[in-house]
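>>> sequence and predicted model, in that order:
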Amino acid sequence: MPVLRFDNVSKVYAGGRQALREVSFDIQPGEMLFLTGHSGAGKSTLLKLIHLAERPSRGTVLFNERNLAKVRRGREALHRREVGVVFQDHRLLLDRSVYENIALPLVLRGMKRGEIGKRVRSILERLGLGDRDRALPTQLSAGEQQRVGIARAVVGEPRLLLADEPTGNLDPTLSAEIMALFASLPERGTSVLVASHDLGLVKRMKRRVLVLDHGQLVDDISPEDLADE
Ligand SMILES: Nc1ncnc2c1ncn2[C@@H]1O[C@H](COP(=O)(O)OP(=O)(O)OP(=O)(O)O)[C@@H](O)[C@H]1O
């Protein structure tokens with residue numbers, strides 16, 4: 001059973017701009033794939049429909065076989081527990097420590113302090129941030145800040161991780177590190193969908209690639225096809 005299914009999904013924004021046109025695809029559990037297309041193709045819109053920052057105009061989005069149209073407005077929080085999101089500008093709380101930033105999603109769901117401590121420390125170690133827990137985000141490098149954003153997105157062990165241009169302002173070495181980190185998540189059962197217009201990066205990763213053009217899904221390239229190129 002797919003973790004995510006888009007079935008003929010269209011999105012028309014108020015004002016009439018059509019961002020997505022009858023898009024259909026599935027994501028399987030433990031799959032990592034890319035979403036690419038030029039600026040304005042609809043990548044961010046597609047991700048927003050998955051974490052319910054926007055709603056489709058037509059068509060159905062199924063998450064774990066649940067129709068997201070059934071999630072009432074204002075009741076999105078429960079769904080978002082299962083979907084981690086990494087933003088390009090990471091959106092960290094600047095007056096909170098690294099530890100507090102990562103712990104926040106677990107605090108919000110009322111997890112016990114001891115359990116939170118265990119999970120946060122484990123993720124800090126995995127991301128090479130073990131000694132930065134008390135730092136404030138402004139005291140970190142760009143790459144470290146991005147890793148904290150990723151740690152916060154995965155600490156709750158989501159079924160699906162969404163990343164919108166996660167390496168946008170990072171140098172190639174750091175981008176490769178972040179990608180390797182994403183690639184390790186499916187082993188833990190988290191599917192990963194990365195939106196990026198960096199075609200070089202996408203090709204190097206040799207994963208499935210969805211291609212959007214003017215809101216239409218024009219290609220769904222398997223890793224085998226990429227390898228042949
Ligand atoms: N809130 C909004 N209201 C109206 N139109 C919007 C809104 N958000 C996006 N759009 C339009 O929808 C289309 C798709 O935008 P989207 O942000 O999904 O593209 P994108 O592929 O993520 O682009 P980029 O790579 O530049 O971030 C664009 O034409 C954009 O102008």
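Right, received. Where do you want to start?

>>> name the helix or strand for the residue nearest to the spatial centre of the chain, please.
Centroid-nearest residue in the chain: residue 162, 1.2 Å away (criterion: C-alpha atoms, centre = their mean). Taking DSSP states H and E as the definition, one finds residue 162 inside strand 160-164.

>>> can you name the element that comes right after that strand?
helix 172-184.

>>> in that next one, what's buried?
Under the neighbour-count criterion of 16 or more other C-beta atoms under 10 Å, helix 172-184 has 174, 175, 177, 178, 179, 181, 182 buried. C-beta: built from backbone N, CA, C; applies to glycine.

>>> which strands and helices sit next to it?
helix 142-154, strand 191-195, helix 199-205 (3 or more C-beta pairs under 8 Å, 6 or more residues apart in numbering; DSSP states H and E).

>>> just those: most buried one?
strand 191-195 (a mean of 25; mean count of other C-beta atoms under 10 Å).

>>> now check that strand, is it near the ligand?
No. Contact of strand 191-195 with the ligand is not found when judged by C-beta under 6 Å from any ligand atom; the minimum separation is 6.6 Å.

>>> now residue 128. Nearest residue, chain neighbours left out?
Spatial nearest neighbour of residue 128, chain neighbours left out: residue 147 (7.2 Å); criterion: C-beta to C-beta, 6 or more residues apart in numbering.

>>> residues in contact with that neighbour?
127, 128, 129, 178, 181 (C-beta atoms under 8 Å, 6 or more residues apart in numbering).

>>> before we move on, the earlier item: can you add mean pLDDT and give the helices and strands packed on helix 172-184 back as a markdown table?
Formatted as a markdown table, those follow (pLDDT from 0 to 100):
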| stretch | mean pLDDT |
| --- | --- |
| helix 142-154 | 91 |
| strand 191-195 | 96 |
| helix 199-205 | 86 |
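
>>> can you tell me which of the contacts of residue 147 is closest to residue 97?
residue 129 (11.3 Å; C-beta to C-beta).

>>> enumerate the residues of the chain near the ligand.
Of all the residues in the chain, those lying near the ligand are 13, 15, 17, 19, 37, 39-45, 197, going by C-beta under 6 Å from any ligand atom.

>>> spatially nearest residue to residue 149 (excluding sequence neighbours)?
Here the residue nearest residue 149, using C-beta to C-beta, 6+ apart, is residue 90, at 3.5 Å.

>>> got a list of what that neighbour touches?
By C-beta under 8 Å, 6+ apart, the contact set of residue 90 is 137, 145, 146, 148, 149.

>>> now residue 200
So residue 200 contacts nothing (C-beta under 8 Å, 6+ apart).

>>> where in the chain is pLDDT low?
For the chain, the stretches with pLDDT under 70 are 227-229.

>>> what segments of it are helices?
Assigned by DSSP state H, the chain shows helices spanning 43-50, 77-80, 98-108, 113-126, 142-154, 172-184, 199-205, 223-228.

>>> for residue 69, find the nearest of these.
Closest among the helices of the chain, once you apply C-beta to C-beta, is helix 43-50, at 10.6 Å.

>>> got the contact list for the closest one?
Residues contacting helix 43-50 (C-beta under 8 Å, 6+ apart): 4, 6, 9, 11, 19-20, 23, 35-37, 54-56, 61, 63, 68, 83, 85, 160, 162, 164, 193, 195, 197, 212, 215.

>>> repeat that for stretch 178-188.
30-32, 127, 143, 146-147, 150, 154, 157, 161, 163, 166-167, 170, 192, 194, 201, 205, 207.

>>> list the contacts for residue 105?
So residue 105 contacts 81, 152, 155, 156 (C-beta under 8 Å, 6+ apart).

>>> and if you look at residue 108?
residue 77.
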